[in-house]
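> Make a model of this:
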Amino acid sequence: MTLSIRLTHAFAGFDVDVDVTAPPGVTVLFGASGSGKTTLVHAVAGLLRPDRGRIAVDDWLLLDTDAGRNLPPHRRRLGYIFQEGRLFPHLTVRQNLLYGRWFAPRDARTESLSRVVEMLGIGPLLPRRPGALSGGEKARVAIGRALLAGPRLILADEPLAALDEARKAEVLPYFERLRDEVSVPILYVSHATAEVARLATTVVALRGGRVVACGPPAQVLADVAAVGARGASSVLTARVVAHDADGLTALDTAGGPLWLPRLGALPGRTLRVRIAAQDVILSRDRPSGLSALSILSGRIADIRLGDGPGALVTLAIGDDRLTARITRRSVEALALAPGQTCHAVIKTVAVAPEDIGSGQGRDDGGRLTGPL
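All right, here's what the predicted structure looks like:
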């Protein structure tokens, strides 16, 4: 389902002017505090009526100020996932889930309770009350409640911001399953690059109430205008090949093998791997005698020199792009130029677990392999 958001709105000292059309999947609103993310979410939810705008999910028109249409929040068919979960403390998990179902229109296409419970792994939690749940468990129940409401669109407003890293790692795979297995589009708000790389189908980068970049995560996260030189990173597609006895996992990329600390994914599984530009070293010749195990080969697609001593060099590796943040002096010393073959050196331990996510959600045989 295509999500279309076009709106303008003026606040005191700040105005928003956005025109975005996103394909099916997870659309992530990405940017620092004050960039306009909350304004967009509130407008989609019906909590803010913009000065002028049009918001639609395919042919489901939520707002059209020119036509005088502005559906109230309760008629917008939205599933909302908040930071705190906001579960009813006096109801069991099962009752919280069914409360979402109670709001689904009779003609709504909804997931079955059993499927949602299985997908989110919350079967053992059904008789409990929210007070007996961890933060990660509450988040999974909140996802289920939103899904069972039969929504045309799910809003997730920084749903992991209140969780520690361990709980985030627990919940992220379930959002990946939601993306891969459910047809409902998701509008997801985040300022965490790792979440964006793992979850997004489309990234809308905002700054000062304007869209500075919009596209696939691999494209936007490498865009200095969107993330800044220090935040630049790449998203590579890799397939799990084998798990070795020494605790490493071998992955296959278009540029060669990539070695990471052991992953909980079956051989054949396709993954997304985010690599920070500052963690990549370049060499004109294939290096040897290094402690780093991963050496990927590609051709230089682009060189961007910064105003200071830094530079960003992007390699084309198959259909992927890998960006390295190095110095201008290094660019000159290596005589780098577009079209040259170049080798990227990546330390195995430089890639954190939160930077690795599901690419497709299914293995080669089409069987669901579960969360990574």
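> what's the next secondary structure element after the longest helix belonging to the chain?
Secondary structure of the chain per DSSP state H: the longest helix is helix 165-181. For helix 165-181, the succeeding helix or strand toward the C-terminus, using DSSP states H and E, is strand 186-190.
> chain center to that next one: distance?
8 Å (C-alpha atoms, centre = their mean, to the nearest Å).
> Could you pull out the strands in the stretch 151-300 of the chain for me?
153-157, 186-190, 202-207, 210-215, 233-243, 248-253, 256-261, 270-276, 280-283, 294-305 (DSSP state E, counting those that start in this stretch).
> For residue 39, which of those is the nearest?
Between residue 39 and the strands of the stretch 151-300 of the chain, the tightest spacing by C-beta to C-beta is seen for strand 202-207, at 9.3 Å. Where you see a C-beta, it was placed from the backbone N, CA and C, and this is true even at glycine.
> Okay, domains of this protein per the record?
3-226, 233-358 (automatic domain parsing).
> Lowest mean pLDDT across those domains, which one is that?
Here the domains of the chain differ in mean pLDDT, and the lowest is domain 3-226 at a mean of 90.
> Can you give me the end-to-end span of it?
Start-to-end span of domain 3-226 (C-alpha to C-alpha, to the nearest Å) is 21 Å.
> mind checking how far residue 357 is from residue 350?
17 Å (C-beta to C-beta, to the nearest Å).
> Who has more neighbours out of those two?
Each of residue 357 and residue 350 has its neighbours counted (other C-beta atoms under 10 Å); residue 357 has more, 24 against 15.
> Name the nearest residue to that one, ignoring sequence neighbours.
residue 198 (3.2 Å; C-beta to C-beta, 6 or more residues apart in numbering).
> does the one you found really touch residue 352, like I thought?
No. Using C-beta atoms under 8 Å, residue 198 is not in contact with residue 352; the gap is 11.4 Å.
> so who does residue 101 touch?
110, 113, 148-150 (C-beta atoms under 8 Å, 6 or more residues apart in numbering).
> Now that we have the residues you listed, which of them are buried?
Among those, the ones that count as buried by 16 or more other C-beta atoms under 10 Å are 110, 113, 148-150.
> of those residues, closest to residue 224?
Looking across these and measuring by C-beta to C-beta, the closest to residue 224 is residue 149, at 39.8 Å.
> is it true that the closest one touches residue 105?
No. Counting by C-beta under 8 Å, residue 149 stays clear of residue 105, with 9.5 Å between them.
> Residue 330: neighbour count?
With other C-beta under 10 Å as criterion, residue 330 counts 16.
> which residues touch it?
Residues near residue 330 by C-beta under 8 Å, 6+ apart: 282, 311, 336.
> ok now the helix or strand containing the second one, how far from the chain's centre?
Same thing as residue 311. Element membership for residue 311 (DSSP H and E) is strand 310-317. Strand 310-317 sits 22 Å away from the centroid of its parent chain (C-alpha atoms, centre = their mean).
> With only the CA atoms kept, save it in CSV.
Taking Å, rounded to 0.1, in the frame of the first residue of the first chain, the C-alpha atoms of strand 310-317 are listed here in CSV:
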residue,chain,number,x,y,z
GLY,A,310,37.8,14.4,5.5
ALA,A,311,36.5,12.6,2.4
LEU,A,312,33.9,10.0,1.7
VAL,A,313,34.7,7.3,-0.9
THR,A,314,31.9,5.1,-2.1
LEU,A,315,32.6,1.7,-3.7
ALA,A,316,30.1,-0.1,-6.0
ILE,A,317,30.0,-3.7,-4.8
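> Direction included, what does it pair against?
strand 294-305 (antiparallel), strand 320-327 (antiparallel) (DSSP bridges).
> and those, which is most packed in?
Ranked by mean neighbour count, the strands paired with strand 310-317 are led by strand 320-327 with a mean of 21 (mean count of other C-beta atoms under 10 Å).
> the inter-axis angle of that one versus strand 270-276?
Calculated by axes from the mean of the first three to the mean of the last three C-alpha atoms, to 10 degrees, strand 320-327 forms an angle of 10 degrees with strand 270-276.
> List the buried residues in whichever helix or strand comes after strand 320-327.
Scanning forward in sequence from strand 320-327 by DSSP H and E, the next helix or strand is helix 328-333. Neighbour-count burial for helix 328-333, counted by 16+ other C-beta under 10 Å, picks out 330-331.
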